[in-house]
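Peer 1: this one's structure only:
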């Protein structure tokens, strides 16, 4: 295995962990946050992909496929951002390692993998960990955990669907086109459900926006698609196990160094005392127990990864055989030559 794949996946999870924390700081409408992020990142990715590959878009027969993948991207990001407004970034990170288990479950359902006892045990263990964290949540946080769960399902679907196209187009093009579709869907959703008052962007939210656009989106999605091409969806999603650890460590460090980061004082009304909200919350015993169960479930799932890679590779080869009349495009050479 190319060591660059592992380095890329470490960078991806570190960026996502930082993004989860900064998204929790600064009050901004989550739909507005998503619209700005999707449109800016989609535009940047498209410019970069056309500049280095010269390809303007996928072949017509692949449009529906990219529409589905883009829909998964939009759902993953929007649901995650909405959930972060009601729960801690550590709770969000604990959900992420469920994606390898979900990828395995979907792969079994579509016939890419054979059913294995360890896989099902891992899925059950990871689900139990998430239920531990969600079960102690307040009413507002329950909605957040539902958003996190749906976001992870969409993310797992994205990882699987990308594998069906990444061998036919350069990775940067795949990331670009998926994100352009996601941007269109997010803007359409915002036009239907957002009010004019929700489009205000506070100064405190600007750093979070910049980080999510350039690090958590442009860089991360490019690296992820590249890693999927050179490894497997199971390996790529398995690195999500780093998110709870990295997010918890970063949260504790920020609380120690900047204890008032993100805190806002709500003015008193009707004789009530003013209260402080929006502060970072240190992970507790519940998060530790839930995270342990999730990581244990992940370990059980990844133990059979070698067989899964072979089976997924055979499925991808079969899919390519079905598209012999639509062979892979040659622009990979163009991309390589331009980089030289």
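Peer 2: Yep, it's here. Just so we're clear, the structure is a prediction, and the values are computed from it rather than from any experiment. Numbers count the residues shown, from 1 in each chain.

Peer 1: residue 185 sits in which helix or strand?
Peer 2: Element membership for residue 185, per DSSP states H and E: helix 171-193.

Peer 1: equivalent analysis for residue 12, please.
Peer 2: Under the criterion of DSSP H and E, residue 12 resides in helix 3-23.

Peer 1: moving C-terminal of that helix, what's the next helix or strand?
Peer 2: Next in sequence after helix 3-23, counting helices and strands by DSSP H and E, comes helix 30-53.

Peer 1: buried set for that following helix?
Peer 2: 30-46, 48-49, 52-53 (16 or more other CB atoms under 10 Å). The C-beta positions use only the backbone N, C-alpha and C, and glycine is treated the same way.

Peer 1: can you check stretch 122-135 too?
Peer 2: Residues 122-123, 125-127, 129-130, 132-134 are the ones in stretch 122-135 that count as buried (16+ other CB under 10 Å).

Peer 1: in space, what's closest to residue 294 - neighbours in sequence excluded?
Peer 2: residue 129 (3.7 Å; CB to CB, 6 or more residues apart in numbering).

Peer 1: ok, that neighbour touching residue 292?
Peer 2: Yes - under the criterion of CB atoms under 8 Å, residue 129 makes contact with residue 292 at 7.1 Å.

Peer 1: shaky segments in the stretch 151-300 of the chain?
Peer 2: Applying pLDDT under 70 to the stretch 151-300 of the chain picks out residues 193-199, 259-282.

Peer 1: redo that, cut-off 50
Peer 2: Across the stretch 151-300 of the chain, nothing is flagged by pLDDT under 50.

Peer 1: after whichever strand or helix holds residue 225, which helix or strand is next?
Peer 2: Assigned by DSSP H and E, residue 225 belongs to helix 220-230. With elements assigned by DSSP H and E, the helix or strand that comes after helix 220-230 is helix 233-238.

Peer 1: next structured bit after that following helix?
Peer 2: Going down the chain from helix 233-238, the next helix or strand is helix 242-257, by DSSP H and E.

Peer 1: name the helices or strands packed onto that next one?
Peer 2: Using 3 or more CB pairs under 8 Å, 6 or more residues apart in numbering; DSSP states H and E, the elements in contact with helix 242-257 are helix 3-23, helix 89-95, helix 285-302.

Peer 1: quick one, that helix and helix 3-23 angle?
Peer 2: 50 degrees (axes from the mean of the first three to the mean of the last three CA atoms, to 10 degrees).

Peer 1: now do helix 242-257: distance to the chain's middle.
Peer 2: On the basis of CA atoms, centre = their mean, to the nearest Å, helix 242-257 sits 18 Å off its chain's mean C-alpha point.

Peer 1: many thanks, we can stop here.
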